[in-house]
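>>> Whatever this is, show me its structure:
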Amino acid sequence: MSLLLLKKKEEILSEYVLKRKEKIFIGKKKTNDIVINDSLVSDNHCTLILKNDKYYIKDQNTISGTKINGKIIVEQELLYNGDTISIGTYTLEYWQKNSISDNKYYLLGVYGKFEGKKYFVKNGDTFIGRELFTPKGGIENDIILENDNTVSKGHAVISFKDGKFFVEDTGSTGGVAVNGLKIGQFESFAIQSGDEISIGRSIFRFVNSSNEDYSFPQKQQIFLLRIIKPLSLAITILVTCAFLFFAFISNQKLSVMKSYDEKLTLELNTAFKKAMVLKSSLEDYHRTPTPAIGDILNNGNNALIALTGSGFLYGWDLSTGKELWNHIEVLNLDIGSPMIADVNNDGVKDIIVVSATSMLYIYDGQTGNLIRKEVIGGEIAGLTPLIADLTGNGKMDVVVCSQEGTVSFLYNVGHDKEYEKIIEYVEGPLYATPVLCNNKNGVPIVVVANNRGKIYFINGKSREKKMLDLLEKTGKEHFIVAAPAVGDITKNAISDIVVQTSHPQYVSAIDVTNLNVLWTFLVEPAPPLNLEYTASPLISNGDVFVVSANGSVYNLKGKTNYPSGELLSKLDIPDAKRIISSPSKYDFDKDGYDEFVVGTEDGRIVVVKNNIKRQELEILAEIKASNTPITSSPLIADAFGSGKLNIIFANATNALQIINTNSKSLKNFCPWPMYLADPSHTGQGTPQSKIKYYLMFYSSVLIFVCFVFFKIFILIRKKLKRVKVKFL
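Reported below is the predicted structural model:
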C-alpha cells in the first residue's frame with residue numbers, strides 16, 4: 001500500500017491510499033480518479049501505472065508537462081519514496097507503505113476559519129501569511145491563510161533548529177500566541193507536539209504524523225474556549241433532561257385522559273347547590289339559560305357563571321364557593337345563555353350576555369365591572385350571542401341576532417377605538433341561536449336559520465350572504481327553533497350543518513360547500529303540539545345524534561345515499577317525558593367515541609353510549625338529580641380541580657346542581673364548558689387538552705431528535721472539513 005498526498009504549497013488537500021488499482025488517471029476532468037481544478041492542468045494530464053508492485057507515472061503529452069522533483073518527465077518514470085510530482089500549481093507527494101515516520105510534522109486547524117485543514121511543516125523554515133509573498137523581502141509563504149484580514153501578509157515562521165521547532169512572530173499586527181501565551185514581535189518560542197498556536201482568530205495544533213489530533217482547543221486562556229466544552233456538555237444534559245421531563249409529564253397526562261378502569265358512576269354533589277332567584281310557578285316553563293364554566297380568575301381554578309331566567313347574572317369561585325361579585329341584574333327574562341371569552345385581549349375572560357331590553361352587555365369576569373353595553377334593537381334575549389375572530393386579526397368579534405331578522409356584527413367590540421357595528425338583514429322570525437362554520441377556503445361563515453326553514457350563510461368578514469330554502473329543496477316545512485349542529489359528516493374536512501325542526505320534527509343535513517340538502521329524516525312519533533323549543537342536534541364521529549322532545553334519542557348516519565336519512569339506532573329513555581334542553585357530549589369511557597349527556601323532564605341526567613359493536617344506543621349511567629325538570633344543557637368539566645369530571649345543570653326553578661363522576665380527567669379540564677360547547681357554537685368545546693399534550697410529547701421528541709441530529713451534523717461537518725482520504 002502506497003500513499004499520494006495532494007498539496008497546494010504546504011496545505012494538504014487530499015490523501016489517496018493506493019491499493020491495487022492498475023491505472024490511476026489524473027487531470028481536470030471530473031471522470032479522473034484524482035481531479036485537480038487548475039488552468040495549467042489538462043483534462044487528462046497524466047497516469048499512474050502499477051507494474052510488478054511498483055508505480056510508474058506517464059505524462060499524456062500535455063502542454064505544461066509533468067515534473068518529478070522539478071524535472072520534466074519525457075517517458076514513463078518509476079516513482080520512488082518521497083518523490084514530488086508537480087502538476088500545474090499543485091504537487092503530489094508519493095510515499096510508500098509505512099514510510100512516513102514520526103519526524104513529519106503538521107499544523108492542524110482546530111478552531112476558526114481554517115478548522116479541519118492540514119499543513120506540512122518543513123524541517124527548515126515554514127513561512128505563514130495571508131498572501132503568497134510577504135511585504136518585506138519578497139519571501140514566499142508556505143502556508144497561505146488567505147481571505148482572513150486578521151492574518152498579516154507575513155505573519156509568522158516555524159523554524160527547525162538544533163533538533164527543535166520554534167515559532168516566531170515576524171512582525172504581525174494581530175500577534176502569535178502559544179498555548180494562550182502571547183509572544184512578542186520578532187521573538188521565538190520553542191514548541192513541541194501538541195502545542196496550540198493562535199494566528200489571527202484561528203487556532204492550530206502542532207503535531208507529528210503519529211498524533212493527528214483535531215479535537216477542540218484545550219490549552220487556550222480564552223474564557224469562552226475554556227468553558228465551551230463543559231457548556232456544550234451541560235446543554236446536552238439539560239436538553240436531555242428537559243426532553244425526559246416533558247415526555248414524562250405529557251405521557252402521564254395522556255394516560256390519565258385515556259384511562260378508564262371502571263363503570264361510569266354518577267353521584268349528586270350535596271355540598272354545592274345554588275337556588276338563585278326562584279320562579280313563582282312551574283306551570284309555564286321551557287328551556288332555561290345554560291350556565292358557563294371556566295378559569296375566570298386566572299388562578300387555575302374554575303368559576304361558574306349563571307344567568308337566571310328571571311334576569312340576574314351570578315358568578316361563583318368553585319374552589320371556595322364564594323361569589324365572584326354581587327349578582328347583576330340584566331333583565332334577561334328568556335333563554336339566552338352567558339358566553340365566556342376574552343373579547344378585549346387583556347388576558348382576562350369576559351362575560352357576554354343579552355337582555356330583554358335589547359341590550360348587549362360585556363362584563364369583566366374577575367370584577368363584574370361593565371366593559372361595554374350596546375343597544376342592539378329588537379327581541380334578542382332568546383338568542384345567545386356568537387363570539388369568534390371573524391376577520392383574522394386575532395381579536396374577538398360578536399354576532400347578535402334579533403327575532404325580527406337583524407344580524408348585528410360587532411367587530412372588536414371590546415376595543416373602544418376599533419369598535420365597528422354593521423347590521424345585516426335576513427327574513428325573520430329568528431328563534432335559533434347563530435352558529436359558526438368554515439367554508440372550503442377556511443373563511444368563517446355565520447349560519448343563521450329562520451323559523452321558516454331558510455338558512456343564511458353570511459361571510460364573517462365581507463358579510464356576503466347566500467341562502468338555502470329548505471322548503472324549496474325538500475318540499476317540507478322546517479320550523480327551526482334550535483341552533484344548528486356543526487361538524488363534518490361528508491368526510492371532506494369541511495364543516496356541514498344539521499338542523500332540527502319543532503313540529504313535525506325533521507332533521508336535515510346540509511352540505512355547506514355546495515349548499516345542498518344531503519338528506520331529511522322524519523322523527524316519529526311527533527312531539528307535543530305545544531312544544532315551544534327543541535334541542536339542538538349534535539354531530540359526533542361523522543354521525544348525527546338527535547334528542548326528540550318525546551323522550552327518545554336517535555343516532556343517524558351522517559354520510560348516506562338515502563335522501564330520507566338512515567337510522568342507525570334509537571333509544572327510548574323510560575319515563576323521560578319530554579327532553580327540552582340540548583345534549584352535550586364527551587368520551588367518558590375513552591373508547592374513541594363520544595357519549596351523550598341528556599337532561600330529562602322528570603329530573604334525570606342520563607349518559608347515553610353509542611355502542612359501535614352492537615350498533616345500538618344504550619344507557620351508560622343515569623341518576624335522579626332534580627325534583628323539577630332539567631331545562632339547561634348539561635356542562636361537562638372538572639369543576640373542583642379534583643381530576644374527576646362533573647356534570648353541571650340548571651333546572652326549571654333556576655337551581656344549579658353538580659353531579660360527581662368517577663371519570664378521570666386533567667385538573668380543571670372543561671370539555672363542554674358552555675351552551676353549544678364554545679362561544680362560536682361549533683359544538684367542539686374547549687380545545688382538547690389531549691391535543692395539547694400530544695403536541696407537547698411529540699414536540700419534545702422532535703426537539704430532542706433535532707438536537708441529536710444537530711450534534712451529529714456538527715460532528716460530520718468537522719469530519720468533512722478535514723483532509724479527505726480516498727482509496728484507489
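
>>> contacts and neighbour counts: CA atoms only from here.
Will do.

>>> What is the burial count for the closest residue in space to Leu645 that isn't next to it in sequence?
Using Cα to Cα, 6 or more residues apart in numbering and skipping the chain neighbours, the partner closest in space to Leu645 is Asp638 (4.3 Å). Asp638: 29 surrounding residues under other Cα atoms under 10 Å.

>>> Model confidence score at Asp638, please.
On the pLDDT scale, Asp638 is placed at 93.

>>> count of neighbours near Ala576?
20.

>>> in terms of contact, does it touch Thr600 like I think?
Yes - counting by Cα atoms under 8 Å, Ala576 does reach Thr600; the two are 5.5 Å apart.

>>> Common neighbours of these two, please.
Common neighbours of Ala576 and Thr600, using Cα atoms under 8 Å, 6 or more residues apart in numbering, are Gly551.

>>> Please report phi then psi for Gln403.
phi -60, psi -30 (degrees, to the nearest 10).

>>> distance of it from Ile293?
27 Å (Cα to Cα, to the nearest Å).

>>> and Val413, how many neighbours does it have?
Val413, neighbours per other Cα under 10 Å, totals 24.

>>> Spatially, what comes nearest to it if we skip its sequence neighbours?
Nearest to Val413 is Tyr419, by Cα to Cα, 6+ apart, at 5.2 Å.

>>> ok, now Ala190?
Of all residues not flanking Ala190 in the chain, Phe166 sits nearest, at 4.3 Å (Cα to Cα, 6+ apart).

>>> Would you map the strands across the stretch 301-450 of the chain?
303-307, 312-317, 322-323, 328-329, 339-341, 350-354, 359-364, 370-375, 386-388, 397-401, 406-411, 420-425, 435-438, 444-449 (DSSP state E, counting those that start in this stretch).

>>> Output these as CSV; include the columns mean pLDDT.
Formatted as CSV, the strands of the stretch 301-450 of the chain follow (pLDDT from 0 to 100):
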stretch, mean pLDDT
strand 303-307, 93
strand 312-317, 92
strand 322-323, 90
strand 328-329, 90
strand 339-341, 96
strand 350-354, 95
strand 359-364, 94
strand 370-375, 92
strand 386-388, 96
strand 397-401, 96
strand 406-411, 95
strand 420-425, 94
strand 435-438, 93
strand 444-449, 96
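
>>> between these, which one is nearest to Thr31?
Smallest distance to Thr31 across the strands of the stretch 301-450 of the chain (Cα to Cα): 58.6 Å, for strand 435-438.

>>> which ones are touching the residue nearest to Leu645?
For Asp638, the contacting residues are Lys644, Leu645, Asn646, Ser665, Leu666, Lys667, Asn668, Phe669, Cys670, by Cα under 8 Å, 6+ apart.

>>> Also Asp33?
Applying Cα under 8 Å, 6+ apart, the residues near Asp33 are Ile24, Phe25, Ile26, Leu728.

>>> any idea how far it is from Gly88?
For Asp33, the distance to Gly88 - Cα to Cα - is 17 Å.

>>> likewise Ile619?
90 Å.

>>> More neighbours: which of those two?
Taking other Cα under 10 Å, Ile619 and Gly88 do not tie; Gly88 has more neighbours (19 against 16).

>>> That one and Val41 touch, don't they?
Yes - counting by Cα under 8 Å, Val41 is a contact partner of Gly88 at 5.5 Å.

>>> and the residue nearest to Val547 when sequence neighbours are not counted, how many neighbours?
Closest residue to Val547 apart from its sequence neighbours, by Cα to Cα, 6+ apart: Val553 at 4.6 Å. Neighbour count of Val553, defined by other Cα under 10 Å: 22.

>>> and Val553, that's in a strand?
Yes - remark: Val553 belongs to a strand, assigned using DSSP: H, G, I helix; E, B strand; the rest coil.

>>> In contact with it: list those residues for me.
Going by Cα under 8 Å, 6+ apart, Val553 touches Phe545, Val546, Val547, Lys570, Leu571, Asp572, Ile573.

>>> With Val178 as the reference, measure out to the residue nearest to Leu645.
Taken as Cα to Cα, the span from Asp638 to Val178 is 67 Å.

>>> what do you get for Tyr94?
32 Å.

>>> How about the secondary structure of Ile57?
Quick answer, by three-state DSSP: Ile57 is strand.

>>> pLDDT score for it?
With respect to pLDDT, Ile57 has a value of 92.

>>> Switch the contacts of Asp33 over to JSON lines; also include neighbour count.
Formatted as JSON lines, the contacts of Asp33 follow (neighbours: other Cα atoms under 10 Å):
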{"residue": "Ile24", "neighbour count": "17"}
{"residue": "Phe25", "neighbour count": "18"}
{"residue": "Ile26", "neighbour count": "24"}
{"residue": "Leu728", "neighbour count": "16"}
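
>>> can you tell me which two in these are farthest apart?
Ile26 and Leu728 (11.9 Å).

>>> Show me the shaky parts of the protein.
97-102, 136-137, 223-226, 252-261, 275-286, 332-334, 528-533, 686-695 (pLDDT under 70).

>>> What segments of it are helices?
Under the criterion DSSP state H, helices of the chain are mapped to 223-258, 470-474, 689-721.

>>> Among these, which comes closest to Glu115?
Short answer: helix 689-721, nearest of those by Cα to Cα, at 6.9 Å.

>>> Against which helices or strands is that closest one packed?
With contacts taken as 3 or more Cα pairs under 8 Å, 6 or more residues apart in numbering; DSSP states H and E, helix 689-721 sits against helix 223-258.

>>> thinking again about what came up before, any common contacting residues for Gly88 and Val41?
Ser64.

>>> Stretch 573-588 spans what distance, first to last residue?
Rule used - Cα to Cα; the end-to-end distance of stretch 573-588 is 19 Å.

>>> Asn147 reaches Phe114, doesn't it?
No - using Cα under 8 Å, Asn147 is not in contact with Phe114, being 10.7 Å away.

>>> Neighbour count for the two, which is higher?
For Asn147 versus Phe114, neighbours defined as other Cα under 10 Å are more numerous around Phe114 (19 against 10).

>>> Spatially nearest residue to the more buried one (excluding sequence neighbours)?
Closest to Phe114 by Cα to Cα, 6+ apart is Ser202, at 6.7 Å.

>>> swap in Lys28?
Closest to Lys28 by Cα to Cα, 6+ apart is Asp43, at 4.5 Å.

>>> tell me the phi and psi of the one you found?
The phi/psi pair for Asp43 (degrees, to the nearest 10) reads phi -60, psi -50.

>>> How about the contacts made by it?
With Cα under 8 Å, 6+ apart, Asp43 has these contacts: Gly27, Lys28, Lys29.
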